[in-house]
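Student: Here is a sequence with its predicted model. Questions after.
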Amino acid sequence: MKNYNEIFRELREDKDKTQAEIAEILNITRPQYNLYETGKRQFKIEHICKLCLYYDVSSDYVLGLPKGLNRFD
């Protein structure tokens, strides 16, 4: 199973965006974003939310949760 940082990298590459462009969206530097994408630092929740909206994907998808997961059984 892929880590969410790998999924964000793939989503960025699919949109032909650079790390610098995504860093600008998050209002951080490119080196800071690189640390997130390479897994050397954990994404902040607000950045996960912003990127999910930008890429039009659910947080469940990014976090690798299975479809139809019943959370209360």
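Tutor: Thanks, I have the structure now. Numbering: from 1, shown residues only.

Student: what is the mean pLDDT for stretch 31-48?
Tutor: What stretch 31-48 shows for mean pLDDT is 96.

Student: I'd like the numbering to begin with 851 instead of 1 from here.
Tutor: In the new numbering, first residue 851, that becomes stretch 881-898.

Student: got the contact list for that stretch?
Tutor: Outside stretch 881-898, the residues within contact range by C-beta atoms under 8 Å, 6 or more residues apart in numbering are 853-856, 858-859, 862, 869-870, 872-873, 876, 878, 901, 909, 912. In short, each C-beta sits where N, CA and C put it, glycine included.

Student: now do 6 Å
Tutor: Asn855, Arg859, Gln869, Ile872, Ala873, Leu876 (C-beta atoms under 6 Å, 6 or more residues apart in numbering).

Student: Would you mark the buried spots in it?
Tutor: Tyr883, Tyr886, Glu887, Phe893, His897, Ile898 (16 or more other C-beta atoms under 10 Å).
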